[in-house]
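Student: Quick one: sequence plus predicted model below, questions after.
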Amino acid sequence: MIEPFEILGVPQQRGILIVVDHASNHVPADIDLGIDPQFLEDHIAYDIGVANIARYMTEKPGHMAILATVSRLVVDLNRFPDEADVIPPRSDGVEITGNAVDDKERAARLDQFFHPYHDRLARLIQDLDPVLTLFLHSFTPKLRSGKMEMRPWEIGVLYNEQETASRLAIQFLEQEELVVGDQLPYSGKDLHATMKRQAEDIGKAYTEIEIRQDLIAHETGQRRFADILLRICDKIRTGLA
């Protein structure tokens, strides 16, 4: 049985904590999602590119990361535990037939993956009191379902009620000459479960960054955006002081 999280970097008080809810496309052998294996390499299974960005960022002292180790199709850690989509029945037009589970199996998945991940994250935040928590995601350039136009933003900044760090992030990312989406390609007021429970509700500074996946599918792009985010986080840290 694998741990539901991986921790990278050296713990440091008042550092930067990077949280990657959708880092992995791994599906445990005892779970059958009932989908074509090709979809495990698709954006519906994980946030392509961000795990390595987090790894590269933690090479710099003062940066630590927690990464999920199972696919978002097994359990979506960026949901509240009572939401139906915490074990998604479908994603971007793909039916996840193996997720038609009963209450017992649903509770078992939450107990095995969801609760240990969030409990460990909460302890990290309590123990280390990070000056900034960066919730890191990526988005597909184009959805199969719904609106079919290409998403033009290279990077998006999401937030809910607490805007300070995200407003700084938008400013500094624009200075990097990136095409920045403010609450795009979707809004943090709609998708905010982890950042709300693990930062906003306890008064901790945070921002959520989404990077377009075609820009970070390979090492060159991953290292480029790791460097950009290191600069941005350092500037936000100064701006929050």
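Tutor: Right, received. Where do you want to start? Values in this document were obtained by computation on a predicted structure and should not be read as measured data.

Student: So which bits of whichever helix in the chain runs longest are buried?
Tutor: Taking DSSP state H as the criterion, the chain has its longest helix at helix 219-240. By neighbour count with 16 or more other CB atoms under 10 Å, helix 219-240 contains the buried residues 221-222, 225-226, 228-230, 232-237, 239. (Glycine included, C-beta is placed from N, CA and C.)

Student: Whichever strand or helix holds residue 67: partners in the sheet, and parallel or antiparallel?
Tutor: Using DSSP states H and E, residue 67 sits within strand 63-68. Applying DSSP bridges to the sheet, strand 63-68 is found paired with strand 5-8 (antiparallel), strand 16-20 (parallel).

Student: thinking again about what came up before, neighbouring contacts of the longest helix of the chain?
Tutor: Helix 219-240 has contacts (CB atoms under 8 Å, 6 or more residues apart in numbering) with 16, 49, 52-53, 56-57, 60, 63, 131-132, 134, 136, 155, 164-165, 168-169, 172-173, 176, 178, 205, 207, 209, 211, 215-216.

Student: can you give me the mean pLDDT across the strand holding residue 67?
Tutor: For strand 63-68, the mean pLDDT works out to 98.

Student: Show the contacting residues for residue 165.
Tutor: 132, 159, 205, 206, 207, 236, 239, 240.

Student: got those residues as CSV, with distance to residue 189 columns?
Tutor: Putting those into CSV (distance: CB to CB, whole Å) gives the following:
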residue, distance to residue 189
132, 20
159, 8
205, 18
206, 14
207, 14
236, 20
239, 22
240, 21
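
Student: As a markdown table, the residues you listed with pLDDT and distance to residue 25 would be great.
Tutor: Listed next are these as a markdown table, based on pLDDT from 0 to 100; distance: CB to CB, whole Å:
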| residue | pLDDT | distance to residue 25 |
| --- | --- | --- |
| 132 | 98 | 27 |
| 159 | 97 | 27 |
| 205 | 97 | 30 |
| 206 | 98 | 25 |
| 207 | 98 | 25 |
| 236 | 98 | 30 |
| 239 | 95 | 35 |
| 240 | 94 | 34 |
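
Student: Quick check: phi and psi on residue 182?
Tutor: Residue 182 adopts backbone torsions of phi -90, psi 110, taken as degrees, to the nearest 10.

Student: host element of the closest residue to residue 209 other than its chain neighbours?
Tutor: The shortest distance from residue 209 to any residue other than its chain neighbours is 5.6 Å, reached at residue 136 (CB to CB, 6 or more residues apart in numbering). Using DSSP H and E, residue 136 maps to strand 132-139.

Student: Direction included, what does the following helix or strand past that strand pair against?
Tutor: Next along the chain after strand 132-139, taking DSSP H and E as the criterion, comes strand 155-158. Strand 155-158 has its sheet partners listed here by DSSP bridges as strand 180-182 (parallel), strand 206-212 (antiparallel).

Student: Can you tell me what sits against strand 155-158?
Tutor: Residues from elsewhere that reach strand 155-158 (CB under 8 Å, 6+ apart): 135, 139, 166, 169-170, 173, 178-188, 191-192, 195, 207-212, 225.

Student: Buried ones only from these, please, as a ChimeraX command.
Tutor: Filtering the contacts of strand 155-158 down to the buried ones (16+ other CB under 10 Å) takes a single ChimeraX command:
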select :135,139,166,169,170,173,178,180,181,183,184,185,188,191,192,195,207,208,209,210,211,212,225
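
Student: who's in contact with the closest residue to residue 135 other than its chain neighbours?
Tutor: Leaving aside its chain neighbours, residue 135 sits nearest to residue 208 (4.0 Å; criterion: CB to CB, 6+ apart). The neighbours of residue 208, taking CB under 8 Å, 6+ apart as the test, are 134, 135, 136, 137, 157, 158, 159, 166, 188, 192, 195.
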